[in-house]
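1. Provided below are the primary sequence and the corresponding predicted coordinates.
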Amino acid sequence: MTKPVVQRCPTCGAKYDVGIYVTGQKVRCRRCMNKFTVVRTDAQSQLVAVGAGAEAATAAAQGEPAAPRAEAPAAPAQEQKEPPRPATKQQRLATNDIDPGTVLAGYEITSVLGRGAMGTVYRAKQLSLERPVAVKVMSSDLVSQNEFILRFKREAAALASLAHPNVVAIIDQGNVENNWYFVMEYVDGPTLRRVLSQRTLRLSQAMDLAVQIGRGLDYAHSKGVVHRDLKPENVLLADAGTDGYVPKICDFGLADILYSDRSYVNLTGSRISMGTVNYMAPEQRQDAGRVDQRADVYSYGVLLYEMLTGELPLGRFMEPSKKNRALDKRLDSVIMRALETDQRRRYPRVREIVEVIEAVRR
C-alpha cells in the first residue's frame with residue numbers, strides 16, 4: 001500500500017492526500033473552497049510526475065530511467081479527483097486578478113472583497129454616481145464556455161429583478177473583453193459568520209435576523225430563484241445604528257431558475273456539489289442540479305439552529321431548546337421539521353417558518 005502524501009490547506013489547515021497530484025498543480029480545498037498549490041517533496045513525487053501515462057508506469061516497473069522531471073506533464077484527467085477542465089485553466093485563473101485602478105465599463109476596481117468557487121468579488125466605485133459598489137467577476141474558466149455565457153445572461157436578468165431589503169441588489173451586469181461581471185450594492189458590514197464567531201449575538205437579535213433572512217429567502221422563492229448555498233458567509237449585515245443589523249442575502253451565483261431549461265445545469269454541477277456540506281440538503285448532495293426551494297428550507301433550518309444554539313445540527317442532534325434553555329419550545333418542532341432529511345416532510349415554503357418565529361416573538 002502506498003503511503004499517503006499529506007499536505008495541509010494553508011487557509012484552513014485541512015489535511016489532504018496529494019499523492020495523485022504533481023508539484024505545482026492546483027487543488028481546491030473542500031472545507032474552505034480556496035485553492036492551494038501542491039508541493040511534493042516525497043520520493044515518489046518524481047515517479048508520479050513522469051509516470052502519469054501507462055507507458056511511463058511500465059517503464060518505471062521495469063527499472064528503465066525516467067524522463068527528466070522538468071519536462072513532466074501534469075497527471076491525466078482520469079487520475080484526478082476533480083472533473084476534467086480546460087488545459088489553460090490554471091493560467092487563466094492565475095491571471096484572473098484585476099489590478100486596482102482598472103475601469104470596467106464605468107466601475108473602477110479598488111480592492112478584493114472575497115473569492116469563491118464562481119468568481120472574485122471586488123470593491124469598486126461607480127464613477128457616474130461616485131458611490132461604492134461590489135463587482136463580482138466570474139471565473140475565467142467558466143466564461144470560456146459558451147453554455148455558461150447563455151446561462152449567465154439568462155440568470156442575470158432574473159437576479160436583477162430581485163428587489164427586497166434583505167437581498168443584495170443587482171445593479172448592473174456586462175462584460176469587458178473576457179471579464180463577465182455582476183455589479184451589486186456594496187454592504188458595509190460583517191458577514192453573519194463573523195458575528196456568530198464572536199458569540200455576542202443576543203437571542204432577541206438572533207430572532208430578528210432569522211425573520212429578516214427568512215423574508216428575503218421567501219421573496220426570492222416567490223420570483224422563482226433558489227439560492228442553493230445559503231450559509232452565514234452568504235449573509236451580509238448592514239449596520240442599522242441603534243436598530244442593530246439589516247441582513248442581506250448575497251451570492252445567488254449558484255441559483256437556478258425554477259422550472260426553466262436545465263440543459264446547462266451540469267456546467268456548474270461540480271461547483272454546486274462542492275458547497276458547504278453542513279448546510280446542504282441531503283438531496284442536494286445526490287443531485288445538485290435538480291433541487292427546488294425545499295433545499296433552501298433545509299439550509300435555513302441549519303442556519304436557525306446555529307444562530308439559536310451556537311452549534312450545527314450534526315449527527316443525532318438535540319432539539320434546539322435542549323441546547324438553549326432560553327428558547328421557546330414551540331420553535332423545536334418548526335426547526336426540526338425544516339431539518340427533515342426527506343424533503344417531502346419539510347415545510348414547502350420558508351414563509352411558514354417565519355410566521356411561527358414571528359408569533360413566538362410576539
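-> Thanks, I have the structure now. Not measured: the values here are computed from a predicted model.

2. is the nearest residue in space to Y245 that is not next to it in sequence in a helix, a strand, or coil?
-> Beyond its immediate neighbours in the sequence, the residue positioned closest to Y245 (Cβ to Cβ, 6 or more residues apart in numbering) is L237, lying 4.0 Å away. Every residue, glycine included, has its C-beta placed from N, CA and C. Put simply, L237 is strand when judged by DSSP: H, G, I helix; E, B strand; the rest coil.

3. is L237 in contact with T191, as I believe?
-> Yes - the pair L237 and T191 qualifies as a contact (Cβ atoms under 8 Å) at a distance of 7.0 Å.

4. just the mean pLDDT for the helix or strand hosting K322, thanks.
-> Using DSSP states H and E, K322 falls within helix 320-323. Predicted confidence along helix 320-323 averages 96 (mean pLDDT).

5. enumerate the positions of the following helix or strand past it that are buried.
-> Counting by DSSP H and E, the next helix or strand C-terminal to helix 320-323 is helix 330-338. Using 16 or more other Cβ atoms under 10 Å as the test for burial, helix 330-338 gives L331, V334, I335, M336, R337, A338.

6. for the record, mean pLDDT for helix 330-338?
-> 97.

7. how close does the closest residue to D208 other than its chain neighbours sit to E358?
-> Nearest residue to D208, sequence neighbours excluded (Cβ to Cβ, 6+ apart): G244, at 6.8 Å. According to Cβ to Cβ, to the nearest Å, G244 stands 17 Å off from E358.

8. do the same with G119
-> Remark: distance between G119 and E358 (Cβ to Cβ) = 36 Å.

9. could you do G114 as well?
-> 32 Å.

10. same question, M184
-> From M184 to E358 the distance is 28 Å (Cβ to Cβ).

11. so for the two, which sits in the more crowded spot?
-> Legend: neighbour count by other Cβ atoms under 10 Å for M184 and E358, higher for M184 (25 against 14).

12. what's the span of stretch 309-327, first residue to last?
-> 9 Å (Cα to Cα, to the nearest Å).

13. buried set for it?
-> T309, P313, E319, P320, S321, N324, L327.

14. who are the contact partners of the fourth one?
-> In this structure, P320 makes contact with L304, Y305, L308, T309, L327, L331, D332, I335, judged by Cβ atoms under 8 Å, 6 or more residues apart in numbering.

15. so which of those is the closest to F252?
-> Using Cβ to Cβ, L304 is the member of these that lies nearest F252, at 20.0 Å.

16. can you give me the strands in the chain?
-> For the chain, the strands defined by DSSP state E occupy 6-8, 15-17, 26-28, 35-37, 103-104, 107-115, 119-126, 131-138, 170-176, 179-185, 225-226, 235-239, 245-249, 256-257.

17. which of the ones you listed sits closest to R362?
-> Nearest to R362 among these is strand 245-249; the distance by Cβ to Cβ comes to 20.1 Å.

18. just the pLDDT at D42, thanks.
-> 58.

19. same thing with the one 4 residues further on?
-> The predicted local confidence for Q46 comes out at a pLDDT of 42.

20. cool, and R215?
-> R215 is given a pLDDT of 98.

21. correct me, but L339 touches L314?
-> No - between L339 and L314 there is no contact under Cβ under 8 Å: 10.8 Å.

22. hang on, the earlier thing: export the buried residues of helix 330-338 to CSV and append columns for distance to A124.
-> Formatted as CSV, these follow (distance: Cβ to Cβ, whole Å):
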residue, distance to A124
L331, 41
V334, 40
I335, 39
M336, 43
R337, 42
A338, 37
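
23. now L230: how far from N34?
-> For L230 relative to N34 (Cβ to Cβ), the value is 20 Å.

24. just P232 next, same as before
-> As judged by Cβ to Cβ, P232 and N34 stand 17 Å apart.

25. which one of these two has more residues nearby?
-> Comparing P232 with N34 by neighbour count (other Cβ under 10 Å), the higher total belongs to P232, at 20 against 14.

26. contacting residues around that one?
-> P232 makes contacts with T191, L192, R193, L196, L303, E306, as judged by Cβ under 8 Å, 6+ apart.

27. surely the fifth one touches D296?
-> What it means is L303. No - proximity of L303 to D296 does not meet the contact threshold set by Cβ under 8 Å, at 10.0 Å.

28. list the residues that contact both of the two?
-> Joint contacts of L303 and D296 (Cβ under 8 Å, 6+ apart) are L230.

29. for G106, which non-adjacent residue is spatially closest?
-> Once flanking residues are discounted, G106 sits nearest to L127: 5.2 Å by Cβ to Cβ, 6+ apart.

30. what's around the one you found, how many residues?
-> Other residues within reach of L127, judged by other Cβ under 10 Å, total 12.

31. wouldn't it be in contact with A105 here?
-> No - using Cβ under 8 Å, L127 makes no contact with A105, being 9.8 Å away.

32. what's the longest helix anywhere in the chain packed up against?
-> Longest helix in the chain by number of residues (criterion: DSSP state H): helix 203-222. Contacts defined by 3 or more Cβ pairs under 8 Å, 6 or more residues apart in numbering; DSSP states H and E place helix 203-222 against strand 245-249, helix 293-309, helix 350-361.

33. that's all I had, so thanks and see you.
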